[in-house]
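[1] kindly generate the corresponding structure for this input.
(chains A and B)
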2 protein chains.
Amino acid sequence: MGAEGSARLRDTLRLIVITDARLAAPRSVEWVAEQALRAGARALQLRNKSASARDLLQEARSLRDLTREWGALLFLNDRFDVALAAGADGIHLGPDDLPVRAVRAAAPRGFLIGHSTDIPEVARRAAADGADYIGCGAVFPTSTKADAGAEIGVEGLARVAAAVEIPVVGIGGITPEGARRIAEESGAAGVAVISAVMGAQDPGEAVRALLGPFQDRAI
Amino acid sequence: MGAEGSARLRDTLRLIVITDARLAAPRSVEWVAEQALRAGARALQLRNKSASARDLLQEARSLRDLTREWGALLFLNDRFDVALAAGADGIHLGPDDLPVRAVRAAAPRGFLIGHSTDIPEVARRAAADGADYIGCGAVFPTSTKADAGAEIGVEGLARVAAAVEIPVVGIGGITPEGARRIAEESGAAGVAVISAVMGAQDPGEAVRALLGPFQDRAI
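    Numbers count the residues shown, from 1 in each chain, chains lettered A, B, ... in the order given. Sure, this is the predicted structure:
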């Protein structure tokens, strides 16, 4: 990716809204996602570990239409094949998912790859293997992902952000106040959230509150 | 695929050995697979619904080396992305997996696609969408796949085999005697087995017994 594309991606990744049907209920994921896009979110990650590939593809296609309409990026979690089939912009890979290098080798040109780690050395290797951004956390305590481990704090996030040139996005227990600390103190490009938007009574308001600190910083 | 490639695929699909770590235990899947290849099996399908994508890739790479050594085809079950990453020859798709058409659109040239169905009309559509073969069953009663449904018998298999030009492979409760009936009465190209090889005390002997009826037919 060129310097201009990289700067644009960094801007886009100020906020990644990750889906969660349980937290969105009784509203649909699509409804919550549309409120988030309308409020300025420019990146959505479809995450549904329990769906079959076929159901996941159907959901991905629906979110693909929505994100295209709003000019936003769509990432899939884990399932690179579903991402390809749905025409998603990219994939987010965790430690149990396919390795970055294997996906990069099979991916079409321009396909975006995110990788989860809170270890600077692993982040450097992921970038060398072809990752476009790093998801790093849990920054703060969180209950949404049971496997997230102990929180690393804004300091831990800053260490990963300092280790790589590609954008780093903080995840885990992010509130507007946490987003402000991350924007001001960590050097991270943005934040990724599950419950802060999917579980919000007013998802649009939640998005504006999370984006605010990064917009203030840009001025 | 040309007529010659199609005839060769039909020969290769006389027997598909599907992996099952639980049935292979305490032996490794690799060990059982090697006995099967040594005895003449020319197609292996890696099926492991509980493994992470990363672990599945590792297993697939190991079986890729083995099948390459023995000149056999390697299929993955469900995970098209892992199949791509491992350089497998193809993918087997069930009703909950990605649709044939979506995988065909994203697959490299020559990549093989199998699809499960026991309904002639669905088999015809799968072939039109780009499937290279049909897995059809359960032909006989089976306990290996809890979701296999009621058995269709050799007659049900014959109806699907008559509906499409591409090879049809019978699956579900296949014994050497069942394989003989399928070879003689159904028009199917071959059989796919899980427990008959993975659970066999002597996997090589099991493979020879299952291949026999199809070799007799070819003479």
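[2] chain A: strands as residue ranges?
    Remark: strands assigned in chain A by DSSP state E are A:15-18, A:43-46, A:73-77, A:90-93, A:112-116, A:133-137, A:168-171, A:190-193.
[3] reformat those as TSV; add distance to residue B:40, mean pLDDT and mean neighbour count.
    All C-beta spots, glycine's among them, are computed from the backbone N, C-alpha and C. Output for these, formatted as TSV (distance: least, Cβ to Cβ, whole Å; pLDDT from 0 to 100; neighbours: other Cβ atoms under 10 Å in any protein chain shown):
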stretch	distance to residue B:40	mean pLDDT	mean neighbour count
strand A:15-18	49	98	26
strand A:43-46	44	98	26
strand A:73-77	40	98	24
strand A:90-93	39	98	26
strand A:112-116	41	98	25
strand A:133-137	48	97	29
strand A:168-171	51	98	30
strand A:190-193	51	98	30
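[4] middle-most residue in chain A, spatially?
    residue A:16 (3.9 Å; Cα atoms, centre = their mean).
[5] so who does that residue touch?
    Contacts for residue A:16 (Cβ atoms under 8 Å, 6 or more residues apart in numbering or on different chains) come out as A:43, A:44, A:45, A:75, A:135, A:169, A:190, A:191, A:192, A:193.
[6] for these, give me CSV that also has distance to residue B:180.
    Below are the contacts of residue A:16 laid out as CSV (distance: Cβ to Cβ, whole Å):
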residue, distance to residue B:180
A:43, 58
A:44, 55
A:45, 52
A:75, 51
A:135, 55
A:169, 60
A:190, 64
A:191, 63
A:192, 58
A:193, 60
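[7] so which of these comes closest to residue A:10?
    Proximity of the contacts of residue A:16 to residue A:10 (Cβ to Cβ) peaks at residue A:190, which lies at 7.9 Å.
[8] isn't that closest one right next to residue A:15, touching?
    Yes - taking contacts as Cβ atoms under 8 Å, residue A:190 lies within contact range of residue A:15: 5.5 Å.
[9] what sits in contact with each of those two?
    Residues touching both residue A:190 and residue A:15 (Cβ under 8 Å, 6+ apart) are residue A:214.
[10] residue numbers of chain A in contact with chain B?
    A:52-55, A:57, A:78-82, A:84-85, A:95-99, A:102-103, A:105-106 (Cβ under 8 Å from any Cβ of the partner chain).
[11] filter those residues down to the ones in helices?
    Among those, the ones falling in helices (DSSP state H) are A:53-55, A:57, A:80-82, A:84-85, A:102-103, A:105-106.
[12] neighbour count for those residues - can I get that in CSV?
    CSV is the format used below for these (neighbours: other Cβ atoms under 10 Å in any protein chain shown):
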residue, neighbour count
A:53, 24
A:54, 17
A:55, 13
A:57, 23
A:80, 28
A:81, 31
A:82, 28
A:84, 24
A:85, 25
A:102, 24
A:103, 25
A:105, 13
A:106, 20
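[13] what's the farthest-apart pair in those?
    Applying Cβ to Cβ across those, the maximum distance is between A:55 and A:105, 27.8 Å.
[14] what about chain A, any weak spots by pLDDT?
    Within chain A, the segments meeting pLDDT under 70 span A:1, A:144-149, A:218-219.
[15] same thing but 90
    Scanning chain A with the threshold set as pLDDT under 90 gives A:1-7, A:142-150, A:215-219.
[16] can you lay out the strands of chain A as JSON lines showing distance to residue B:159?
    Below are the strands of chain A laid out as JSON lines (distance: least, Cβ to Cβ, whole Å):
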{"stretch": "strand A:15-18", "distance to residue B:159": "46"}
{"stretch": "strand A:43-46", "distance to residue B:159": "39"}
{"stretch": "strand A:73-77", "distance to residue B:159": "38"}
{"stretch": "strand A:90-93", "distance to residue B:159": "40"}
{"stretch": "strand A:112-116", "distance to residue B:159": "45"}
{"stretch": "strand A:133-137", "distance to residue B:159": "50"}
{"stretch": "strand A:168-171", "distance to residue B:159": "52"}
{"stretch": "strand A:190-193", "distance to residue B:159": "51"}
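[17] of those, which approaches residue B:181 most closely?
    strand A:73-77 (44.0 Å).
[18] so which elements touch that closest one?
    strand A:43-46, helix A:53-69, helix A:80-86, strand A:90-93, strand A:112-116 (3 or more Cβ pairs under 8 Å, 6 or more residues apart in numbering or on different chains; DSSP states H and E).
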